[in-house]
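Student: Give me coordinates for this.
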Amino acid sequence: MYDDDTRGIECPERPAESATTNQRVLCDGGTTWGNLTGFQRDCLESIARLERDDETPYGLAIKELLEPQHGDVLHGRLYPNLDTLVELGLVEKSELDKRTNEYALSDDGRGLLIQRVERLAAACEMTTAVADNVGERA
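Tutor: So this is what the prediction gives:
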């Protein structure tokens, strides 16, 4: 088990800590990586991968990325978890057509993934490139 002392997620466009108070800047009021199930975390990652590859993140595409890790992903598991991510404000849902919804990471969802990458990189004594490629973070 790892020590996760975060109480929320950091806004990606803001510094990780306040210079005057040394407290983390929070976006969403309390959703942490540890609050999510492994399946929900993998859903966030799948949406991010689809967005990165300029593919439409809709249910079937997300399902196909999840199945190598989770086996056959049933409708009754996928969509309630995506709806939970929407309710938490980590994912935005829109109508692609009359039968298909499209999912996108919200700023908070992307911030949560960035925070996790940075925490893992720091644990492994690695650096991560800043989104605008101007510098590095530890």
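Student: pLDDT weak spots in the chain?
Tutor: Within the chain, the stretches with pLDDT under 70 are 1-29, 130-138.
Student: try 50
Tutor: 1-26, 28, 133-138 (pLDDT under 50).
Student: in it, which spans are helices?
Tutor: 38-52, 59-70, 75-87, 107-123 (DSSP state H).
Student: As JSON lines, those helices with distance to Asn101 and mean neighbour count would be great.
Tutor: Quick note: C-beta positions are derived from backbone N, CA and C, even for glycine. Listed next are these as JSON lines, based on distance: least, Cβ to Cβ, whole Å; neighbours: other Cβ atoms under 10 Å:
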{"stretch": "helix 38-52", "distance to Asn101": "12", "mean neighbour count": "18"}
{"stretch": "helix 59-70", "distance to Asn101": "7", "mean neighbour count": "15"}
{"stretch": "helix 75-87", "distance to Asn101": "8", "mean neighbour count": "15"}
{"stretch": "helix 107-123", "distance to Asn101": "16", "mean neighbour count": "18"}
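Student: Leu96 is nearest to which of these?
Tutor: Comparison of the helices of the chain against Leu96 by Cβ to Cβ identifies helix 59-70 as nearest, at 9.5 Å.
Student: which helices and strands does the closest one pack with?
Tutor: If contacts are counted by 3 or more Cβ pairs under 8 Å, 6 or more residues apart in numbering; DSSP states H and E, helix 59-70 sits against helix 38-52, helix 75-87, strand 101-105.
Student: Which of these sits closest to Leu120?
Tutor: Of all those, helix 38-52 sits nearest to Leu120, with 12.3 Å by Cβ to Cβ.
Student: That'll do, ta.
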